[in-house]
Structures are given as C-alpha cells and as structure tokens.
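Asks: 3D model of this:
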Amino acid sequence: MVRKLRTTLLTIVALVPVVNIVCQAQSLVTRHVRDVVLNGQAKSVGRLPASQPMRLVLVLPHRNQAALDSLLQELYDPSSPSYHNFLTVEEFTAMFGPSQEDYDAVISFAQAKGLSVVGTSRNRMNVDVTGTVANIEEAFHVTVGVYQHPTENRTFYAADREPTPDLSVALWHISGLDNYSIPQPALRRRPSGVQSEATTGSCPSASFCGSDMRAAYYEGTALTGSGQSLGLLEYYGTDLADLTTYFKNAGQTNNVPITLLSTDGTSTSCLESAGCDDTEQTLDMTQAIGMAPGMASLVMYVGSTDSAIFNAMATASPLNAQLSSSWTWSPADPNTDNPYFEEFAAQGQNLFQAAGDDSAWKSSSEIFPADDVYLTSVGGTDLTTSGAGGPWSSETAWSDGGGGISPDKYAIPSWQTATAGGCSSWSTTYRNGPDVSANANFTFYTCADQKACLANEYGGTSFAAPMWAGYIALVNEQLAANGKSPAGFINPTIYAQNVTARYSRDFHDITSGTSGSYSAVTGYDLVTGWGSPKDGLITTLAH
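Replies: Presented below is the predicted three-dimensional model:
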C-alpha cells in the first residue's frame with residue numbers, strides 16, 4: 001500500500017511540466033544583502049581584491065513544494081497510510097529535488113563564467129564552486145565590498161546588492177557571499193564570582209560526566225544506541241586526543257567509532273598551536289556518546305557554510321537519524337536552510353539545536369536556527385542527581401537558557417497552535433521555543449586543546465542538544481528492534497502527546513526557575529519547553 005502511494009506520487013511529479021523561463025538577470029528566491037549594508041550602518045572601507053579566491057555554494061530550490069508540504073503532513077499524521085514511511089535520498093530527489101536538466105544548467109552557467117565546479121550532491125541541491133572575486137562579481141552582478149562591522153571590532157565582506165545571475169533556472173540561495181555573522185558555539189564559561197553548584201557528578205570535582213546524564217534521564221541499561229549513527233554539525237575540526245583524554249580521566253572507554261568528515265574542504269583538524277579551540281567539538285562528542293555509548297558510529301560534519309554541512313547530513317550514506325547542532329548564527333534570510341530541514345523531516349532525521357545561552361530571546365538575538373519550525377529546539381536546566389552516577393533527583397530552569405518567541409518571525413507551526421492557546425506568554429502568531437530541555441548549568445567535565453581538563457567551568461545548551469540526539473538514538477534503537485522506522489521529527493508527536501495523561505510519564509515537568517522575563521511553569525513554558533526526558537518517552541515514541 002505504501003509503496004503504491006510512493007509510485008503514485010512519483011507519477012504525479014513526472015506529469016508536472018517543467019518550464020524553464022529564459023530570462024536575464026534572474027533574482028534569487030532568498031535574500032543575501034545585509035540590512036546594515038543597505039542602511040549604511042556598516043561603513044564601506046574598500047573592496048575585496050579582484051584576484052582573491054572565494055568558495056560558494058549555489059543552492060537550487062525544491063520542485064513541487066506544495067506536494068512536499070502535503071507529504072510532510074502525511075508522514076507525521078498517525079492516521080495517514082504513509083505515517084513514518086520516510087523517503088530515501090533517492091526517492092526524495094526523484095520527487096522533490098531539482099531536475100537533472102536544471103542542475104546541469106547551473107553547472108554549465110558556472111563553468112561559462114570562469115568558476116570551477118568542485119563539488120556536486122546526489123540530491124542535486126548544491127553546486128560547490130570556486131573562483132576569483134572578479135569572476136564572482138561578474139557572474140552575479142554584485143560588488144563584494146569590505147565593511148566595518150557596526151557592533152564588533154572587525155571588518156566583514158559582503159555583496160552590495162542581490163545577486164542577479166544570467167541564468168535560465170531559479171536559484172534558491174548562494175552561500176558564502178558574506179562573513180557578517182560568524183557562527184558561535186552555544187557555550188558559556190562560568191563567570192567570575194559565580195560558585196559551582198556541582199555536588200553529585202561522578203567526574204573529577206563532582207562534575208558531571210556524559211554517563212551521568214544517561215543515568216539521570218535514562219535509568220535503564222538495555223538500550224545503548226546500538227546500530228544507530230549520530231551526526232554533529234561543527235564549524236571547526238577537532239583533536240581526537242582530547243576525546244581520549246576525557247574518557248581516560250573519567251575512567252571510561254569510548255567504543256563508538258568517530259568519523260571526521262569535511263563537507264567542503266574545511267580542515268578536520270583543530271590544534272591550539274594553529275589558534276583553534278575544540279572545547280565545543282569535544283563536548284558534543286562526550287555528551288552524545290555518554291547518552292548512547294553503544295552507537296555504531298558518530299560523524300562530525302565539518303564545514304565553513306551551513307549549506308555545505310546540512311546538505312552533507314541530508315545525503316549521507318547511511319543517513320544519521322539523529323543530528324545535533326550547538327552553533328548559532330544569523331543569516332541574511334531566515335529561510336535559507338529550510339530546504340535541508342524539510343529533507344531531514346521527509347527522510348526521518350531529527351535535528352536538535354541548542355537554544356542559546358543569553359537568556360530569553362529578543363528580536364536582536366542571534367540564535368538561528370534554534371527557532372526554525374523544522375527542528376527541535378533544546379533549552380537549558382539545572383540538574384541535581386541522587387549521587388554520582390545516580391538517577392534524577394530535581395531540576396530547575398537554567399537562568400541563562402534561551403527561549404521565547406521566534407526572533408526570526410517564523411509562523412507558528414500547526415503542531416504548536418493548540419498548546420499556545422492555553423498560555424498567556426506564548427505567541428499564537430509566531431513559533432515558540434524551546435521544545436525540550438536538559439542540563440546546561442556549569443556542572444560539566446570538559447577536555448580541550450591538550451591542556452588540563454576543567455571541572456564545572458563550562459555550561460550551555462551546547463551540552464543539552466547532543467544529549468537529546470543521543471537519547472533519540474536509544475528511541476531509534478528500540479524502534480529498529482520493533483521492526484519500525486525511526487522516530488523522525490519528534491515535535492508533532494510530543495506536542496500532541498503532552499496534552500494527554502502521557503506527559504507526566506514522558507517528561508520531567510520543570511516548574512521552577514526563570515530565564516530573563518520568562519518563568520518555568522506547570523506544563524510547557526518558554527524556558528524549558530516540555531522539560532527533560534524520562535524513560536516513558538522511549539515507550540511513547542517507539543510505539
């Protein structure tokens with residue numbers, strides 16, 4: 001029945017006429033020019049040298065967007081015959097990827113403009129190109145200027161107008177045309193004068209190991225993430241010696257194979273001698289592995305642009321059903337990465353994104369993509385356990401945890417509207433966050449840069465996001481054992497389930513503590529979302 005439905009969809013897609021309207025100077029679907037460039041807040045200080053090399057990602061839009069929107073609704077509707085019948089990369093490409101004709105046209109255009117094609121993708125979404133500034137300016141009818149950043153002590157480069165390539169097919173986006181917003185890890189160091197609250201961790205100085213988080217949020221032993229692969233987004237590589245040091249000092253052994261994958265030529269190495277800090281990268285691994293120590297593999301997707309990293313995640317073989325990002329940034333257009341996030345949802349992948357560590361979201365908060373509607377936003381808590389390696393004891397909201405109403409003005413998704421109507425602080429117009437939460441206080445053990453490891457110095461939703469990805473690896477292990485497909489994007493399920501009696505069995509409802517102007521309350525709140533996971537959530541999601 002399901003295979004027949006897929007065949008029918010493919011037939012319908014094939015019957016949709018492909019019309020290429022030949023035009024000159026075609027505008028792109030998404031915006032590229034920064035407001036500070038347009039309004040003059042960023043003062044021009046020159047131009048990039050004409051001979052300077054640049055690397056860009058030319059992104060094509062989906063075909064048949066209305067059909068994709070409809071399918072995503074069906075995939076997450078338990079009453080639909082296609083519920084959780086996720087697509088393979090090949091099926092997604094056949095139904096919704098750019099046509100081969102359009103993809104070839106973009107490649108031919110790039111080559112004709114003197115750009116070198118250095119990467120292609122099997123879903124026909126990305127074309128990676130390199131060229132000089134002069135080549136790029138001519139190809140896209142822009143000037144790449146250098147500007148003084150209005151709020152940071154640095155300059156940045158950016159296009160002075162929207163790209164208008166002489167191309168017969170549409171482009172969704174061009175990634176790499178500016179470096180106005182530099183991705184930052186959702187990680188904080190304990191401020192001077194703030195006392196450590198660690199008392200029950202099993203790592204040095206009573207700090208929490210990743211295994212303590214497993215003991216707190218999953219009290220069983222049977223599930224370890226066996227057979228599951230988890231993917232981490234990273235903008236810099238790592239030194240795996242730091243991971244080895246962490247497990248040695250914790251008195252533990254890591255049995256999960258690690259793959260460092262460069263998505264666009266970015267180095268997978270991170271050495272302090274080269275000015276690189278791998279604190280974030282290492283803690284992402286320790287928290288994911290601590291929650292799911294029996295995973296088949298962990299892949300670190302390293303790249304310089306979100307387009308390169310997310311598309312690599314969407315086209316990996318095998319796919320990682322659980323993904324995590326602990327980095328935030330601010331794109332010129334908040335819709336930039338939606339094609340990748342939609343593909344994740346269609347293929348049964350769930351991206352967990354750190355909600356940030358600057359307290360309640362404001363209109364100016366750079367927390368993207370934490371408020372996007374196609375991912376699970378993870379807030380922060382302050383956790384106490386019953387003892388070293390012991391179960392959950394109590395939990396309050398973490399005062400620095402991010403959450404609130406979407407700064408990027410994403411419309412409220414359908415799965416959130418029912419809950420929003422019952423809470424005065426919620427928006428009934430825009431997406432609210434976070435969705436879930438986990439420990440983020442300054443109570444962790446970290447190792448980095450081949451220096452002495454630190455206890456209780458770092459915190460942040462950086463720790464909480466990979467924890468949740470590891471937790472879903474346990475869920476997906478159970479689903480696989482039950483002969484079922486992965487959980488996929490969990491938001492439509494948890495919002496529906498949590499208005500029923502299942503809520504108290506699935507989540508620790510965090511009802512105390514504040515972050516900025518928001519307070520934790522009974523049920524959902526804009527500080528901790530639905531709360532942190534209990535064992536019961538595995539049963540709910542693996543039904």
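Asks: Run through the helices of the stretch 1-150 of the chain in chain order.
Replies: 2-15, 35-38, 65-75, 89-96, 100-112, 133-140 (DSSP state H, counting those that start in this stretch).
Asks: between these, which has the poorest average model confidence?
Replies: For these, the weakest mean pLDDT is recorded on helix 2-15, namely a mean of 42.
Asks: which residues touch residue 147?
Replies: Shown in contact with residue 147 (Cβ atoms under 8 Å, 6 or more residues apart in numbering): 36, 37, 42, 43, 44, 45, 155, 156, 157, 158. Where you see a C-beta, it was placed from the backbone N, CA and C, and this is true even at glycine.
Asks: Just name the closest of those residues to residue 432, please.
Replies: Within these, proximity to residue 432 (Cβ to Cβ) peaks at residue 36, which comes in at 27.8 Å.
Asks: Can you say which of the helices of the stretch 1-150 of the chain is nearest to residue 427?
Replies: helix 65-75 (21.9 Å).
Asks: who does that closest one touch, helix- and strand-wise?
Replies: In this structure, helix 65-75 packs against helix 2-15, helix 89-96, helix 338-346, with contacts taken as 3 or more Cβ pairs under 8 Å, 6 or more residues apart in numbering; DSSP states H and E.
Asks: Tell me how many other residues crowd the residue nearest to residue 235 when sequence neighbours are not counted.
Replies: In space, and not counting its chain neighbours, residue 235 is closest to residue 183: 4.8 Å by Cβ to Cβ, 6 or more residues apart in numbering. Residues within reach of residue 183, counting by other Cβ atoms under 10 Å, total 19.
Asks: So for residue 183, what's the pLDDT?
Replies: So, for residue 183, pLDDT stands at 97.
Asks: OK, contacts around it?
Replies: By Cβ under 8 Å, 6+ apart, the contact set of residue 183 is 235, 306, 327, 328, 329.
Asks: rewinding a little: any of the contacts of residue 147 buried? List them.
Replies: Buried by 16 or more other Cβ atoms under 10 Å: 36, 37, 42, 156, 157, 158, out of the contacts of residue 147.
Asks: closest to residue 125 among the residues you listed?
Replies: Using Cβ to Cβ, residue 158 comes nearest to residue 125 of the buried ones among the contacts of residue 147, at 23.6 Å.
Asks: Show me what that closest one is bridged to.
Replies: Beta bridges link residue 158 to residue 145, judged by DSSP bridges.
Asks: What residue, apart from its backbone neighbours, is nearest the residue positioned nearest the centre of the chain spatially?
Replies: Centroid-nearest residue in the chain: residue 325, 4.0 Å away (criterion: Cα atoms, centre = their mean). Take residue 325 and drop its neighbours on the chain: the residue closest to it by Cβ to Cβ, 6+ apart is residue 233, 4.0 Å away.
Asks: Where does the one you found sit, in terms of helix or strand?
Replies: strand 229-234 (DSSP states H and E).
Asks: Quick check: neighbours of that strand in the sheet, parallel or antiparallel?
Replies: strand 297-302 (parallel), strand 322-325 (parallel).
Asks: most packed of these?
Replies: strand 322-325 (a mean of 29; mean count of other Cβ atoms under 10 Å).
Asks: What is the distance between that strand and the centre of its chain?
Replies: In this view, strand 322-325 has its centroid 6 Å away from the chain centroid, taken as Cα atoms, centre = their mean, to the nearest Å.
Asks: returning to what we had before: measure the residue nearest to residue 325 to residue 425 for me?
Replies: 30 Å (Cβ to Cβ, to the nearest Å).
Asks: ditto for residue 41
Replies: 32 Å.
Asks: next one: residue 109
Replies: According to Cβ to Cβ, residue 109 and residue 425 sit 49 Å apart.
Asks: Looking at those two, which is more packed in?
Replies: Higher neighbour count among residue 109 and residue 425: residue 109, with 20 against 15, using other Cβ under 10 Å.
Asks: And the strands in the stretch 301-450 of the chain?
Replies: Remark: strands assigned in the stretch 301-450 of the chain by DSSP state E, counting those that start in this stretch are 322-325, 327-328, 350-354, 376-385, 392-397, 404-405, 432-433, 436-439, 445-446.
Asks: circling back to that earlier point, quick check, nearest of the buried ones among the contacts of residue 147 to residue 87?
Replies: residue 158 (36.3 Å).
Asks: hmm, back to that, tell me the angle of the strand holding residue 233 relative to strand 350-354?
Replies: 40 degrees (axes from the mean of the first three to the mean of the last three Cα atoms, to 10 degrees).
Asks: mind listing what's buried in stretch 85-96?
Replies: 85, 86, 87, 89, 91, 92, 93, 94, 95, 96.
Asks: any idea which of those residues is closest to residue 396?
Replies: Closest to residue 396 out of those is residue 86 (36.8 Å), distances taken as Cβ to Cβ.
Asks: Okay, now the unreliable bits of the protein?
Replies: Low-confidence segments of the chain, defined by pLDDT under 70: 1-26, 421-424.
Asks: And residue 95, how far from residue 311?
Replies: 17 Å.
Asks: circling back: possible to save the contacts of residue 147 as a markdown table with distance to residue 241?
Replies: Shown next, in a markdown table, are the contacts of residue 147 (distance: Cβ to Cβ, whole Å):
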| residue | distance to residue 241 |
| --- | --- |
| 36 | 41 |
| 37 | 42 |
| 42 | 40 |
| 43 | 44 |
| 44 | 44 |
| 45 | 40 |
| 155 | 35 |
| 156 | 33 |
| 157 | 35 |
| 158 | 37 |
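Asks: Just name the closest of these to residue 28, please.
Replies: residue 158 (15.0 Å).
Asks: can you dump the C-alpha coordinates of stretch 75-82 into PDB?
Replies: Extracted C-alpha coordinates of stretch 75-82, given in PDB (Å, rounded to 0.1, in the frame of the first residue of the first chain):
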ATOM      1  CA  LEU A  75       4.400  11.500   7.300                       C
ATOM      2  CA  TYR A  76       3.600  12.800  10.700                       C
ATOM      3  CA  ASP A  77      -0.100  12.100  10.900                       C
ATOM      4  CA  PRO A  78      -0.700   8.800  12.700                       C
ATOM      5  CA  SER A  79      -4.000   8.300  10.800                       C
ATOM      6  CA  SER A  80      -2.300   8.600   7.400                       C
ATOM      7  CA  PRO A  81      -1.300   5.400   5.500                       C
ATOM      8  CA  SER A  82       2.100   7.000   4.900                       C
END
